[in-house]
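**Q** Model the structure of this input:
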Amino acid sequence: MISKKDTLFIKGLSILLLVFHHNWYDLSNFSSIRSGFRVVVWIFLFISAYGFASQLETTQNRHPFKFVLKRLILLYVPLWICNIVNLIFSLCFNAESVYAFFSGSPLNWISDLFNVSQYFGTPGLLSGWYINMLVLIIVTFPLIYYIVTKLKWFSIALVLALVWLFKWKIYYEYGGYLDEYLLIVVLGILFQKYRVFKYIPKINNIFRIPFIALSILVFTAVLCLRNEYIPLVSKNIFFRFDPLSTVMALGVVTAVYAFRHDDKVSFAFEKLGAYSADIFYIHSVFYNVVFPALGISNPIITFLLCFTFTLLISVAIESVKKETDFNRRLRTGIDKILKNG
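**A** Numbering: from 1, shown residues only. Model (predicted):
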């Protein structure tokens, strides 16, 4: 099983790569690597599906509605807190766009608030394509989980059949087709159900450092190859599930599981992982709104500023939550609602 420390390490590493991916647009020497870091989307989805499957297996298997409601609340409430920060920055640096948005239809506000704007074809101010997709995955996850547990490993064939034969496609602006991400969700469930990681040895001996170095070299080389491979994926329906990104995501998670050790590097990434959700929710306002308004375009500066400021804001948010016991109160409140419902 993946431990909580493994998960935090993966989240910390992934959010660092994601901020890099979103800020280093103009550095052509690193374009292949930078664009390849989009693989963190598959990593996040794998970890999410793995965790959701664990929850359904232990406590919520007979209450899919309660599972969905709880996961949506736990998604929306922290997101809305961070969106207050995003709205403040947007008002300070691009007030005209904010006023124009809220002068529009109330449907735009509601769909943006609940991150479903891409399904209604409405404009979004604060919602992002990934959260739009994650909302859909959460809502349908009990059904996906049920199908996967019944079909077992044959569910992979079902995913491929859907990708190849089902003509109606869900497309996310900036995110691509939903098809690209279905397989990694199914694999997250399968890896949890069949305890795949218990068959992978932990490497903590003298060979650990050379193995880590080799893994980084292989990962970097595959990132460059992926940049050449993506045009084939986008044009050929038989590769629509993006197998390369799926395999890379599994490789990263497996490497973290095998090589992670309780040392200073692990501790640093685990601490960063604790703030990864807040950083994820907030960081886009900097490269979308703040930096263009200030005329800052140097990729090194934008990366450093974006990462530094979002981390500081995230630390402040989580510190207030800790002082007010917010997370425990939120979960306790949700459990009471679901128990009485």
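**Q** Run through this protein and note the low-pLDDT ranges.
**A** Low-confidence segments of the chain (pLDDT under 70): 25-32, 59-62, 233-235, 341.
**Q** Which of the three states applies to the residue with the largest distance to the centre of it?
**A** Farthest-out residue of the chain from its mean C-alpha position, per Cα atoms, centre = their mean: Ile206, at 33.1 Å. Recorded secondary structure, Ile206: coil (DSSP: H, G, I helix; E, B strand; the rest coil).
**Q** mind listing what it touches?
**A** Residues near Ile206 by Cβ atoms under 8 Å, 6 or more residues apart in numbering: none. Where C-beta positions appear, they are placed from N, C-alpha and C, glycine not excepted.
**Q** Ramachandran coordinates for it?
**A** phi -70, psi -20 (degrees, to the nearest 10).
**Q** likewise Tyr172?
**A** phi -110, psi 130.
**Q** count of neighbours near it?
**A** If you count neighbours by other Cβ atoms under 10 Å, Tyr172 ends up with 18.
**Q** The one 4 residues further on too?
**A** Residue crowding around Gly176 was assessed by other Cβ under 10 Å; the count is 20.
**Q** The one 5 residues further on now?
**A** Neighbours of Tyr181 under the rule other Cβ under 10 Å: 25.
**Q** ranges for the strands of the chain?
**A** Applying DSSP state E to the chain gives strands spanning 171-172, 176-177.
**Q** Quick check, Ser127 in contact with Ser117.
**A** Yes - contact criterion Cβ atoms under 8 Å: Ser127 and Ser117 qualify, at 5.1 Å.
**Q** what residues are shared contacts of these two?
**A** In terms of Cβ under 8 Å, 6+ apart, Ser127 and Ser117 are both contacted by the residues Ser111.
**Q** In terms of packing, which of the two has more residues around it?
**A** Neighbours were tallied for Ser127 and for Ser117 using other Cβ under 10 Å; the higher tally belongs to Ser117 (25 against 21).
**Q** And the residue nearest the centre of the chain?
**A** With Cα atoms, centre = their mean applied to the chain, the nearest residue to centre is Phe44, 3.8 Å.
**Q** Just to check, that residue is in contact with Thr7?
**A** No - taking contacts as Cβ under 8 Å, Phe44 lies outside contact range of Thr7: 10.8 Å.
**Q** And for Leu126, the neighbour number?
**A** 22.
**Q** repeat for Met1
**A** 12.
**Q** Gly36 too?
**A** Counted with other Cβ under 10 Å, Gly36 comes out at 25.
**Q** Contacts only, for it.
**A** Per Cβ under 8 Å, 6+ apart, neighbours of Gly36: Val222, Leu223, Cys224, Arg226, Asn227.
**Q** Could you measure from it over to Ala293?
**A** Counting by Cβ to Cβ, to the nearest Å, the gap from Gly36 to Ala293 is 29 Å.
**Q** residue boundaries of the helices in the stretch 151-300 of the chain?
**A** All helices of the stretch 151-300 of the chain, identified by DSSP state H, counting those that start in this stretch, fall at 155-165, 179-193, 208-235, 243-259, 264-274, 276-282, 284-285, 291-294, 299-324.
**Q** Who are the packing partners of the longest one?
**A** Taking 3 or more Cβ pairs under 8 Å, 6 or more residues apart in numbering; DSSP states H and E as the contact definition, the neighbouring helices and strands of helix 208-235 are helix 31-36, helix 243-259.
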